[in-house]
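**Q** can you look at this prediction? I've put the sequence above it.
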There are 2 protein chains.
Amino acid sequence: METKTRPYDELLTLLREASLLGGTASILSWDQETMMPSAAVGYRAQQMAQLSGLIHRMATDPRIGELLDRCEADDDMTSDPDAAAILRETRHHYERATKLPAELVTERAEVRARAQHEWQEARQDDDFERFRPWLERNLELARRVADHYGWEAEPWDALADGYERGMTAASVEAVFTPLRDRLRELLATLMDGPRRPDERFAAHELPVDAQRAFVRRVAERIGFDFSRGRLDESTHPFCGGSHRDDVRMTTRFRPDGFLDSLAATMHEAGHGIYEQGIPSELMLTPIGGAASLGIHESQSRMWENQVGRSEGFWRWCWPLVEEHFGSAVDGFTWEAAHHAANVVRPSLIRVEADEATYNMHIMIRFELERALMNGSLAAADVPDAWNERYREYLDVEVPDDTRGCLQDIHWAFGGFGYFPTYTLGNLYCAQLFEAACEQVPGLVEGFARGEFGPLKQWLNDNVHAHGGRHEPKDLCERVTGKPLSADPLLRHLEGKLRPLYGV
Amino acid sequence: METKTRPYDELLTLLREASLLGGTASILSWDQETMMPSAAVGYRAQQMAQLSGLIHRMATDPRIGELLDRCEADDDMTSDPDAAAILRETRHHYERATKLPAELVTERAEVRARAQHEWQEARQDDDFERFRPWLERNLELARRVADHYGWEAEPWDALADGYERGMTAASVEAVFTPLRDRLRELLATLMDGPRRPDERFAAHELPVDAQRAFVRRVAERIGFDFSRGRLDESTHPFCGGSHRDDVRMTTRFRPDGFLDSLAATMHEAGHGIYEQGIPSELMLTPIGGAASLGIHESQSRMWENQVGRSEGFWRWCWPLVEEHFGSAVDGFTWEAAHHAANVVRPSLIRVEADEATYNMHIMIRFELERALMNGSLAAADVPDAWNERYREYLDVEVPDDTRGCLQDIHWAFGGFGYFPTYTLGNLYCAQLFEAACEQVPGLVEGFARGEFGPLKQWLNDNVHAHGGRHEPKDLCERVTGKPLSADPLLRHLEGKLRPLYGV
């Protein structure tokens, strides 16, 4: 017996080392965004490069391959669910980390770095032609990388699998097409409706110090454990840290950006509550984290949207708003805040989009990058294709490429296959939330009384407790009993927005 | 030519890697004291242990030994001053890191961990007998370690050399004995004097927020560059960070501890200004840091004592105090603050001691640990020897071992040889400061006008710019033209304290 488990134990020890050092790198990344003095940036880049190199060396140690082979041939291992999941994940990551020739990895790193620089300049000068050759080089490299990883239906799948296990363009299309068509209908209906929500509270100026205290209190109330995490400030909010007991999230503040700050805090707290809910016995194993990027995003979106933009939430927190801001919120009510948090307006910029139109931005990007990868769309034709779809799906005119196809960094760093995880997150979110509501009576009603514990507990038990044991689509089916569908998200949006727009 | 420099370049590359990772570990240590959520402590210990292991492996790579041998045999290397200094330091650290058998390192780590735990309990319960066997084991291990390192006159020297290059018990005694005798005289004279400085301001309560803004402003004014460093808060103030462009210092605040907080800030800023002044071309080499612990301490003490307790400083900053604290300092003047910052009172606790009596605490520890290492004092006799010396040197009665020989952690972690660096710091400080005053006309007079730039520039040019090129005693002679002596410190103390005490 002991002889049998020895290779597995050795494997876990090697993986643990790489994971531990990954946590160190993650703390340094957080530090860089929140604490590091500005002049230290060059030196920090060297520190991060060194850590990446050490982690890569640990993760590609040929000994891992040998041990994997032996463990996979051992029925005692593969019949144990946790061991099987650990071997599955290890195989996945080890193959991806070792399949690319070193020259390709180096070339890609160099091209990406240059492409990001050119993209920044191109974006600033509204000069797509400057970026075009670099987009082409990134695409050519991405196709070569996909060939090394291997793919069945189309090369995009090989890249997407690195962001969301098991995601293929076909599976995305199957959910996105009905979502797109029905969202377009809903948006047209809303925009033609007789009413508009009251927007005044959205840009109402409030003191930043009071905002800071308020959002922290909300994060604590919805279940973020500050003895195992922090909330700081950074230009772009994020959630990092090194493990369940050290979760570092950030938000940002502007006097006229209270709702943005609150939404960002609840979003990141959702990520953080997920991390804090991963069982400690899974720590430092390959299943000691989230099931996927999409599932992670489902948790952040749930607290941001299903909770933070709900009527109940605003009924509960309005007295708290009055307590923190005093006379600065005179003339407003919880209804005004609830309205302002739910304004829908088709627009040009993805990161500023509302809950309903956001997914349209993602779908446009998915359709274009899929066509680019397949060669059915030329890089030179991206601006026209982009602008046409914005006209068609969102009824907005794109005035320049800076506010059009040059707005996102993703294609500049070669991240083809990443965008859909955002919308998958919204879809998983809505489907999981419906399941929670069915399984926990009075869940939504409790929000108005500030009772968020039942939702957090349900997520702890049904999502967080599994760590990375299940692939995302399996987790979804397991918890909700159904494959992923666009219906729950559409029901959520329609149920909330139709009354606000009087349709 | 190229062939000749290749081993040296390879050596520098290996050393650079270890140094870079050392900076990462240093940022994590800072994070642990200032930012880390409390629950993360266990996981962080694993991260730190991993980094220590990786750094140790890098620093003891046998390839370093091979390259060292080749470089040391190369006249082109040893005739270049920087290369020679780098080889000297590398040899020193490599030998110390590789001379101890692995079993001894492991045993020492285990005994130290246990000894520190027992010391904590013993200190809490005022139970020296509980700590005694662990002190004995630490001493026995320290003697074995010293034997492995090798020593000439006495084993203490081998350990001390790890803290302060070239320091021997005999050389310390030669400076400490006259210092001790004349300090005892001075203290007796002061205590018998007709006057006492006005102490009222020392414990005067002031709002912590205003203290925070004030000490930051002072740190900036004396020359700490906040674009290359930070000031945060921790239980015990320290100065860390990873290199000249990322210096992290801390202080602490108590409403009734303004002078303590200011002194701690100026002390740590002194360390920080030193680090920020190391030339960038020396970064990541073995001479890219301070010359020694003692020289480091000379820099912190200079800003804390020679500047921060001077009449000129208080004349300059009093209007600033009034600006920050308003009516909270009504009834006080700069003279009151200057008096309160210079009270001398023999006491029991080293870390709370004033500028004059502090060195007596160090000398007592030095005398005892030297005797312990040589075997002329038994561990069981430490309390009596301790109490007798406190009576003799400071004229205070030690009521219990908790406030006596159990107060410091150093002997519990086996740090024999460390204590004297504190007093060496004060001695180097006074001697360097005298040299600065001789070489820069009007230096002290400028303090009253808030002109601290000339002192900082002098330190930059004469101390910081050399990094670790010179051993501490060589640096001292080079800059001041004389070997280290007790005279400048005694002149400094007498010149300031006699008028305050009217003697």
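**A** Done, it's in.

**Q** helix, strand or coil for A:Ser242?
**A** Following DSSP: H, G, I helix; E, B strand; the rest coil, we place A:Ser242 in the strand state.

**Q** buried sites along stretch A:469-477?
**A** Across stretch A:469-477, burial judged by 16 or more other C-beta atoms under 10 Å in any protein chain shown covers A:Arg469, A:His470, A:Glu471, A:Pro472, A:Lys473, A:Leu475, A:Cys476. From N, CA and C alone the C-beta is placed, and that goes for glycine too.

**Q** out of those, which are inside strands?
**A** Using DSSP state E, no member of those falls within strands.

**Q** closest to chain B out of these?
**A** Using C-beta to the nearest C-beta, A:Arg469 is the member of these that sits closest to chain B, with 21.1 Å.

**Q** I'd assumed A:Ala83 was in contact with that closest one.
**A** No. Judged on C-beta atoms under 8 Å, A:Arg469 makes no contact with A:Ala83 at a distance of 10.8 Å.

**Q** quick check: the residue of the stretch 201-350 of chain A found nearest chain B vs A:Thr13, distance?
**A** Residue of the stretch 201-350 of chain A nearest chain B, by C-beta to the nearest C-beta: A:Asp246 (3.6 Å). Taking C-beta to C-beta, to the nearest Å as the measure, A:Asp246 falls 22 Å from A:Thr13.

**Q** neighbour-wise, which of the two wins?
**A** Neighbours were counted for A:Asp246 and for A:Thr13 using other C-beta atoms under 10 Å in any protein chain shown; A:Asp246 has more, 28 against 11.

**Q** show me what that one is bridged to.
**A** A:His243 (DSSP bridges).

**Q** contacting residues for it?
**A** The contact partners of A:Asp246, taken as C-beta atoms under 8 Å, 6 or more residues apart in numbering or on different chains, are A:Gly23, A:Ile27, A:Arg228, A:Gly229, B:Met36, B:Pro37, B:Ala39, B:Ala40, B:Tyr43, B:Arg44.

**Q** could you count how many residues lie near the last one?
**A** Just to be clear, that refers to B:Arg44. Residues within reach of B:Arg44, counting by other C-beta under 10 Å, total 22.

**Q** and the host helix or strand of it, what does it pack against?
**A** Per DSSP states H and E: B:Arg44 is located in helix B:41-59. Applying 3 or more C-beta pairs under 8 Å, 6 or more residues apart in numbering or on different chains; DSSP states H and E, one finds that helix B:41-59 contacts helix A:2-34, strand A:239-243, helix B:2-34, helix B:81-99.

**Q** next up, the contacts around A:Gly65.
**A** Contacts of A:Gly65 by C-beta under 8 Å, 6+ apart are A:Tyr94, A:Thr98.

**Q** now the angle from the one helix or strand A:Gly270 maps to to strand A:239-243?
**A** If you go by DSSP H and E, A:Gly270 is part of helix A:258-277. Relative orientation of helix A:258-277 versus strand A:239-243 (axes from the mean of the first three to the mean of the last three C-alpha atoms, to 10 degrees): 20 degrees.

**Q** toward the C-terminus, what is the element adjacent to helix A:258-277?
**A** Helix A:258-277 is succeeded, C-terminally, by helix A:293-301 (DSSP H and E).

**Q** can you tell me the average pLDDT over the helix or strand following that next one?
**A** Heading C-terminal from helix A:293-301, the first helix or strand you meet, by DSSP H and E, is helix A:311-325. The pLDDT scores in helix A:311-325 average 98.

**Q** kindly report the same for stretch A:178-197.
**A** 94.

**Q** got it, and stretch A:57-77?
**A** Throughout stretch A:57-77, pLDDT has a mean value of 95.

**Q** where does chain A come near chain B, residue by residue?
**A** Applying C-beta under 8 Å from any C-beta of the partner chain, we find that chain A lies next to chain B at A:17, A:20-21, A:23-24, A:27-28, A:31, A:35-40, A:42-44, A:46-47, A:50-51, A:54, A:225-230, A:242-243, A:245-247, A:283.

**Q** low-confidence ranges, chain A, go.
**A** Low-confidence segments of chain A (pLDDT under 70): A:1-5.

**Q** quick one on the thing from earlier: so which of the helices and strands packed on helix B:41-59 comes closest to B:Lys496?
**A** The closest of the helices and strands packed on helix B:41-59 to B:Lys496 is helix B:2-34. By C-beta to C-beta, the value is 33.2 Å.

**Q** that closest one: which residues count as buried?
**A** B:7-8, B:10-12, B:14-34.

**Q** may I ask which of the contacts of A:Asp246 has the most neighbours?
**A** That'd be B:Ala40 among the contacts of A:Asp246, by other C-beta under 10 Å, with 27 neighbours.

**Q** quick one: contacts for that one?
**A** Residues near B:Ala40 by C-beta under 8 Å, 6+ apart: A:Arg228, A:Ser242, A:His243, A:Asp245, A:Asp246.

**Q** now stretch A:195-203 - C-alpha only, PDB.
**A** Taking Å, rounded to 0.1, in the frame of the first residue of the first chain, the C-alpha atoms of stretch A:195-203 are listed here in PDB:
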ATOM      1  CA  ARG A 195     -40.500  54.900 -18.900                       C
ATOM      2  CA  ARG A 196     -36.900  55.400 -17.900                       C
ATOM      3  CA  PRO A 197     -35.400  54.700 -14.500                       C
ATOM      4  CA  ASP A 198     -34.400  57.700 -12.400                       C
ATOM      5  CA  GLU A 199     -30.700  58.300 -13.100                       C
ATOM      6  CA  ARG A 200     -29.900  61.200 -10.800                       C
ATOM      7  CA  PHE A 201     -28.200  59.200  -8.100                       C
ATOM      8  CA  ALA A 202     -25.700  57.600 -10.500                       C
ATOM      9  CA  ALA A 203     -23.300  60.600 -10.700                       C
END
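
**Q** so A:Leu12 makes contact with A:Ile86?
**A** Yes. Contact criterion C-beta under 8 Å: A:Leu12 and A:Ile86 qualify, at 7.5 Å.

**Q** mutual contacts of the two, please.
**A** Each of A:Thr285 lies in contact with both A:Leu12 and A:Ile86 under the rule C-beta under 8 Å, 6+ apart.

**Q** that older thread, now the angle from the helix holding B:Arg44 to helix A:41-59?
**A** 90 degrees.

**Q** mind listing what's buried in helix B:41-59?
**A** Using 16+ other C-beta under 10 Å as the test for burial, helix B:41-59 gives B:Tyr43, B:Arg44, B:Gln47, B:Gln50, B:Leu51, B:Leu54, B:Ile55, B:Met58, B:Ala59.

**Q** wait, isn't the third one in contact with A:Ser19?
**A** No. Applying C-beta under 8 Å, one finds B:Gln47 not in contact with A:Ser19, separated by 10.6 Å.

**Q** OK, contacts around the most centrally placed residue in chain A?
**A** Nearest to the mean C-alpha position of chain A, by C-alpha atoms, centre = their mean, lies A:Glu297 at 4.0 Å. Contacts for A:Glu297 (C-beta under 8 Å, 6+ apart) come out as A:Thr421, A:Tyr422, A:Leu424, A:Gly425, A:Asn426, A:Tyr428, A:Cys429.

**Q** 7 Å instead, please
**A** A:Thr421, A:Tyr422, A:Gly425 (C-beta atoms under 7 Å, 6 or more residues apart in numbering or on different chains).

**Q** out of those residues, who's nearest chain B?
**A** Nearest to chain B, judged by C-beta to the nearest C-beta, of the contacts of A:Glu297 is A:Gly425 at 26.0 Å.
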